[in-house]
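Q: The following block contains a protein sequence and its predicted model.
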Amino acid sequence: MWILPLAAALVAFAFAVLLLRRAEDRRRPYRVLWAIAMVLYGAASTAVVLGAANEWSRAEFLVYWALGAVLNVPFLAAGEIALLFRRSSVVPAAAVVLTAVSILTIVVVSGASVDAGALARELPSGKRVFGDGSTAFMLPQLISIPSYLVLLAGALWSAWTIRGRPELRDRFVGTLLVALGATVIAMGSAFAAAGELAAFSAALLAGIATMFWGFLRASRSRAPAPRSQG
């Protein structure tokens, strides 16, 4: 079961490298935010690899929870906001919010009490590890779910605004694929809660691969359709 999350980690890191290279070339700040999200995703997937290959340690689960279950999605959502609103104040404001969210997450998760017995499962659930109603367990509901909704709404809005334009068809399809990939990953959290490692690992790989495919499709350059001279 460690092969699928390892593949997901490799795809995420490759995605991050591509985003950073293109961000440097074209000065797109949203790509930097997405690259950070991909690094977090890759690190969290690597923690799943280590936990699946051997018994989960406290450190491995905390990395998986903090980076994958909580912090990954806010950086994606912030990148979507930076993409939609090209104002100089957006990125600094997003950086302040993301810094605060990151510090809060690290402090809460690192200081949380952990049930060592729950770590013996193939894929421990946050509910059993941290306890139902604990702050660490509630962080994804308070941070990740609203961030996912922002990401999804932004992607769908972007696709809606360019619908029906043949010269932007690749961007239209790619944007929908990014939204689909994010949704697959979000749905995979249900498998994580149930402790289904195989299904969760498949969702990790399928979701990130679909997002990567969507970005590549949306980034295709295409000459604009010629205007009528009539």
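A: Yep, it's here. Residues are numbered from 1 along each chain as shown.
Q: Identify each of the strands in the chain and give its residue range.
A: Applying DSSP state E to the chain gives no strands.
Q: What pLDDT does the model give Phe75?
A: pLDDT, Phe75: 96.
Q: Does it touch Arg31 like I think?
A: No: using CB atoms under 8 Å, Phe75 makes no contact with Arg31, being 11.4 Å away. In short, each C-beta sits where N, CA and C put it, glycine included.
Q: all helices in the chain, in order from the N-terminus.
A: For the chain, the helices defined by DSSP state H occupy 3-26, 29-53, 58-63, 72-84, 90-110, 126-130, 135-139, 145-161, 169-194, 197-218.
Q: Which one of the ones you listed lies nearest to Ala118?
A: Nearest to Ala118, of all these, is helix 126-130, at 3.9 Å by CB to CB.
Q: Just the residues contacting the closest one, thanks.
A: Under the criterion CB atoms under 8 Å, 6 or more residues apart in numbering, residues 61, 65, 69, 112-115, 118-119, 121, 136-137, 140, 192-193 lie in contact with helix 126-130.
Q: how about the least confident helix or strand in the chain by mean pLDDT as CSV, C-alpha atoms only?
A: Lowest by mean pLDDT, DSSP states H and E among the helices and strands of the chain is helix 3-26, with a mean of 89. What follows is helix 3-26 as a C-alpha-only set of coordinates in CSV (Å, rounded to 0.1, in the frame of the first residue of the first chain):
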residue,chain,number,x,y,z
ILE,A,3,3.4,2.4,-3.6
LEU,A,4,0.4,4.5,-4.3
PRO,A,5,1.1,7.3,-1.8
LEU,A,6,4.8,7.3,-3.0
ALA,A,7,3.6,7.8,-6.5
ALA,A,8,1.3,10.6,-5.3
ALA,A,9,4.3,12.3,-3.5
LEU,A,10,6.4,12.1,-6.6
VAL,A,11,3.7,13.6,-8.8
ALA,A,12,3.2,16.4,-6.2
PHE,A,13,6.9,17.2,-6.1
ALA,A,14,7.2,17.2,-9.9
PHE,A,15,4.1,19.5,-10.0
ALA,A,16,5.8,21.8,-7.5
VAL,A,17,9.0,22.0,-9.6
LEU,A,18,7.1,22.8,-12.7
LEU,A,19,5.0,25.5,-11.0
LEU,A,20,8.1,27.2,-9.6
ARG,A,21,9.9,27.2,-12.9
ARG,A,22,6.9,28.7,-14.6
ALA,A,23,6.4,31.2,-11.8
GLU,A,24,9.9,32.4,-12.3
ASP,A,25,9.5,32.8,-16.0
ARG,A,26,6.2,34.6,-16.0
